[in-house]
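Asker: turn this into a structure:
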Amino acid sequence: MRIGELARRTGVNERLLRYYEQQGLLQPERLPSGYRVYGESDVAVVHRIRSLLAAGLSTATISQILPCLRDDGEGLVPTCTELIAQLQDERARMTSAIEELETSRSLLDTVITAGLATAG
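Answerer: Prediction:
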């Protein structure tokens, strides 16, 4: 299938699909004319990419872990044992970022509360 069909079937625009290719996440075949040709399996790959992006992973991280994931119909399942440690590291990074944001929100709440007290 051509890129337009992949875009239609996945809901991902062509520009993003080209970006995924640049990042090494998709590897379409090329016709002699230069047109990209995608296989049926690329539809599933794009859905995996979108799931991983929604989980907060960067395209650089996704390019490393994508070959070690399969979809069992209920979700993504790691197929490489070393992937678990990498995912745990990513989760720890996210947890740290969330904690920093919660601290920032709390400080902002304090400022807002003080501002409301003096304005009222």
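Asker: alpha carbons only for contacts and neighbour counts from here, please
Answerer: OK.
Asker: shaky segments in the protein?
Answerer: In the predicted model, the chain carries pLDDT under 70 at residues 120.
Asker: before we move on, which element is the most centrally placed residue in the chain in?
Answerer: The C-alpha lying nearest the average C-alpha coordinate of the chain belongs to Leu53 (C-alpha atoms, centre = their mean; 1.2 Å). Assigned by DSSP states H and E, Leu53 belongs to helix 40-54.
Asker: tell me the buried residues in that helix?
Answerer: By neighbour count on 16 or more other C-alpha atoms under 10 Å, the buried set for helix 40-54 is 42, 45-46, 48-50, 52.
Asker: where do the strands sit along the chain?
Answerer: For the chain, applying DSSP state E gives strands covering 29-30, 36-37, 69-71, 76-78.
Asker: for Leu107, find the nearest of the ones you listed.
Answerer: Of all these, strand 76-78 sits nearest to Leu107, with 37.3 Å by C-alpha to C-alpha.
Asker: who are the packing partners of that closest one?
Answerer: With contacts defined as 3 or more C-alpha pairs under 8 Å, 6 or more residues apart in numbering; DSSP states H and E, the packing partners of strand 76-78 are strand 69-71.
Asker: how far off centre is the strand it packs on?
Answerer: The chain centre lies 14 Å from the centre of strand 69-71; the measure is C-alpha atoms, centre = their mean, to the nearest Å.
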